[in-house]
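1. no sequence on this one, just coordinates:
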């Protein structure tokens, strides 16, 4: 018995290493043998004698019929099907192949005017060919899949959703190497007990039994078109089960070609924390973007890249991508070009390397391409990083915005939209203060008339999954076995999905009148520790705590980071009005006249040139309402320069020449 198993194992390994051509030749050789047997068996069964004189006289048909049947198999598509992945379409190919082979048999007999062949022999031949040549393929498919099922490390899963998407997912996963579908579960009681793609459908109430029966490690949600509220209810029900919850890509990603059915992924956190999004006003979006030339700065970032994808759907003539990171620019340009090809769009994608602090290049780009809309998403947004690099944050966020805005005015760009943040409201950090200064610049320029450019800014909170979001951090920590780090037990944040934020930004910009500060409805704030706990549970783990010392992953509180607040706000005051969009509000906030603001910007430019970190924070504090710098600067370079000066007090640090500021 052991020797037989070794032979089977060696045969399997040999078949697995054969090239594609070798496997096809093996299939052809097998079919030739089976077809020859089918010809002989058709006569033997019909005539009742395996060596009937008629058959002995026409024995050469055993060689001739297979020779003309093989091309028929090729034309029917039997040899283009990969055996281990064959699906329902293979049945159609087998029927076509058997039918064409039988017709060829009949034609051969008619052309050669052979003695009358019993008509029932043709029927028997057709059925034998279908059973032998088609059946052996499905036997081989079953054998291969049984071997794949026994592969080590393959996870047993249940698919939640027994519809078309669930059936597609089951077929896709069956031929994969990571998951093996064991059963379906569905809320629709009419499907319970049915068998779909070889798997039985159960009620969700049977999931605990299924987990124990099959050793399920994952539940995969196969409901790409389901509303967010319905998905959230399902996820809430599954959260306490000891399994990892994953989901199919969203329907929009499947339709656009950005994702495949088999690409299961983590559950979107916005399914847990968000609310049903409002359907965008497509007429407004198309009027704002269709047939226009659009520039997105910071196009490779989380928000910038999603704005690019959203803009592309509205058929602009040109979409200009400005990004200082070569890798990020390459990635987003490739993705957008793929969307252009899949959707057969007429938009020209223009990837441009550059920084927003280079005013001459910005002005040249806008003039050369005739830019009509600018979405200014380029900014340093990570609070602790900017707190440790004060002057770079000031230069990029404040002077980068000024350069972009003045270039837009000089080039006659009609619309300019700044992507802002809730951290600009009574900020406790340099990032928030610099973004509020950027808002003040646009408000002051708009107050002066804007030279034909309509300025607006859109302020919102955290976006789920962005480069600075806690969600990717928590996922990575959970993947490594913890601990999950949270800065404070009471810290809360507003959250919104990246696609929703980008769509609302575009709609807000389309409603701008000049100098508008738009605020997005972010829903209710979320406690970060609650988010961490839910992510742990949805990954199939338990929280390790005093009440549960045997849990899988612990949560550690690390303390607030430099410049971090417990709570974020979206408004400086209560003076806010509704717009025509239910999730977009217009805030009325204090402004600083351009002459006053320009003098402060000149002073900030001097601080950058002289590396005066403390003075830079003081100037921002004088301009930004509610900004109260916390103690001494955390700037890393500033600390090192101070240390060096203390060691050699007679030597002043040199100041490298910086790029000239626009005036």
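-> Cool, got the structure. Fair warning: this is a prediction, and the values are worked out from it, not measured in the lab.
2. what sits against residue 542?
-> Going by CB atoms under 8 Å, 6 or more residues apart in numbering, residue 542 touches 242, 536, 548, 551-553. C-beta coordinates here come from the backbone N, C-alpha and C atoms, glycine included.
3. Which members of these occur in strands, if any?
-> If you go by DSSP state E, these have residue 553 in strands.
4. Go ahead and build a PyMOL selection from the buried members of the contacts of residue 542.
-> Burial among those is assessed by 16 or more other CB atoms under 10 Å; the matching PyMOL selection reads:
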select buried, resi 536+552+553
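5. would JSON lines of the contacts of residue 542 with distance to residue 283 be doable?
-> Output for the contacts of residue 542, formatted as JSON lines (distance: CB to CB, whole Å):
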{"residue": "242", "distance to residue 283": "48"}
{"residue": "536", "distance to residue 283": "43"}
{"residue": "548", "distance to residue 283": "53"}
{"residue": "551", "distance to residue 283": "52"}
{"residue": "552", "distance to residue 283": "50"}
{"residue": "553", "distance to residue 283": "48"}
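6. Can you tell me which of the contacts of residue 542 is closest to residue 196?
-> residue 242 (25.3 Å; CB to CB).
7. hang on, isn't the closest one packed against residue 537?
-> No. Under the criterion of CB atoms under 8 Å, residue 242 is not in contact with residue 537, lying 9.3 Å apart.
8. ok, residue 428 touching residue 628?
-> Yes. Between residue 428 and residue 628 a contact is recorded at 6.7 Å, counting by CB under 8 Å.
9. neighbour count winner among those two?
-> residue 428 (21 against 11; other CB atoms under 10 Å).
10. On the three-state scheme, the more buried one is what?
-> At residue 428 the chain is in coil, as set by DSSP: H, G, I helix; E, B strand; the rest coil.
11. Tell me how far it lies from residue 438.
-> Separation of residue 428 from residue 438 (CB to CB, to the nearest Å): 17 Å.
12. quick one: residue 443 and residue 514 touch, right?
-> No. Counting by CB under 8 Å, residue 443 does not reach residue 514; the two are 9.6 Å apart.
13. So what does residue 592 have for phi and psi?
-> phi -120, psi 130 (degrees, to the nearest 10).
14. quick one, what contacts it?
-> Taking CB under 8 Å, 6+ apart, one finds 440, 443-444, 600, 623 in contact with residue 592.
15. These into JSON lines, with extra columns for neighbour count, pLDDT and secondary structure?
-> Putting these into JSON lines (neighbours: other CB atoms under 10 Å; pLDDT from 0 to 100; DSSP: H, G, I helix; E, B strand; the rest coil) gives the following:
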{"residue": "440", "neighbour count": "26", "pLDDT": "93", "secondary structure": "helix"}
{"residue": "443", "neighbour count": "23", "pLDDT": "92", "secondary structure": "helix"}
{"residue": "444", "neighbour count": "21", "pLDDT": "92", "secondary structure": "helix"}
{"residue": "600", "neighbour count": "17", "pLDDT": "92", "secondary structure": "helix"}
{"residue": "623", "neighbour count": "18", "pLDDT": "89", "secondary structure": "helix"}
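16. farthest-separated two in those?
-> 443 and 600 (13.7 Å).
17. Correct me if wrong: residue 491 contacts residue 558.
-> No. If you go by CB under 8 Å, residue 491 and residue 558 don't touch, sitting 10.8 Å apart.
18. Please work out how many residues are found near residue 233.
-> Neighbours of residue 233 (other CB under 10 Å): 14.
19. so what's residue 437 closest to, chain neighbours aside?
-> residue 398 (4.7 Å; CB to CB, 6 or more residues apart in numbering).
20. returning to what we had before: now do the shared contacts for residue 242 and residue 537.
-> By CB under 8 Å, 6+ apart, no residue touches both residue 242 and residue 537.
21. follow-up on the earlier one: out of the contacts of residue 542, who's nearest residue 460?
-> residue 536 (27.0 Å).
22. quick one: that closest one and residue 118, what's the gap?
-> Distance from residue 536 to residue 118, by CB to CB: 72 Å.
23. ok, back up a step: make JSON lines out of the contacts of residue 592 and add distance to residue 169.
-> Below are those laid out as JSON lines (distance: CB to CB, whole Å):
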{"residue": "440", "distance to residue 169": "51"}
{"residue": "443", "distance to residue 169": "50"}
{"residue": "444", "distance to residue 169": "54"}
{"residue": "600", "distance to residue 169": "58"}
{"residue": "623", "distance to residue 169": "55"}
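24. which one of those sits closest to residue 587?
-> Of those, the one sitting nearest to residue 587 (CB to CB) turns out to be residue 443, at 10.9 Å.
25. For that closest one, which residues are in contact?
-> 455, 515, 517, 589, 591-592.
26. let's see 6 Å
-> 515, 591 (CB atoms under 6 Å, 6 or more residues apart in numbering).
27. Please report the distance of it from residue 243.
-> Distance from residue 443 to residue 243, by CB to CB: 51 Å.
28. One more: residue 284?
-> Where residue 243 is concerned, residue 284 sits at a distance of 43 Å (CB to CB).
29. Between these two, which has more neighbouring residues?
-> The neighbour comparison of residue 284 against residue 243 (other CB under 10 Å) goes to residue 243, with 22 against 15.
30. got the contact list for that one?
-> 216, 218-219, 540.
31. What of residue 635?
-> Applying CB under 6 Å, 6+ apart, the residues near residue 635 are 390, 613.
32. which stretches of the stretch 201-350 of the chain form helices?
-> Taking DSSP state H, counting those that start in this stretch as the test, the helices found in the stretch 201-350 of the chain are 207-214, 228-238, 251-256, 270-273, 282-289, 302-312, 326-343.
33. Can you list the helices and strands that the fifth one packs against?
-> Helices and strands touching helix 282-289, as assessed by 3 or more CB pairs under 6 Å, 6 or more residues apart in numbering; DSSP states H and E, comprise helix 498-510.
34. Helix or strand next in line after the helix it packs on, which one?
-> strand 516-520 (DSSP states H and E).
35. Identify all contacting residues around that next one.
-> 456-460, 504, 508, 570, 584-587, 589.
36. Spatially, which two of the residues you listed are the most separated?
-> Farthest pair in these, by CB to CB: 504 and 589, 19.1 Å.
37. Have a look at those two and say which one is more surrounded.
-> residue 504 (23 against 19).
38. separation between the spatially closest residue to the more buried one that is not a sequence neighbour and residue 440?
-> Closest residue to residue 504 apart from its sequence neighbours, by CB to CB, 6+ apart: residue 520 at 5.2 Å. Going from residue 520 to residue 440 by CB to CB gives 20 Å.
39. residue ranges with poor pLDDT in the stretch 551-663 of the chain?
-> 563-565, 567-575, 630-632, 649-663 (pLDDT under 70).
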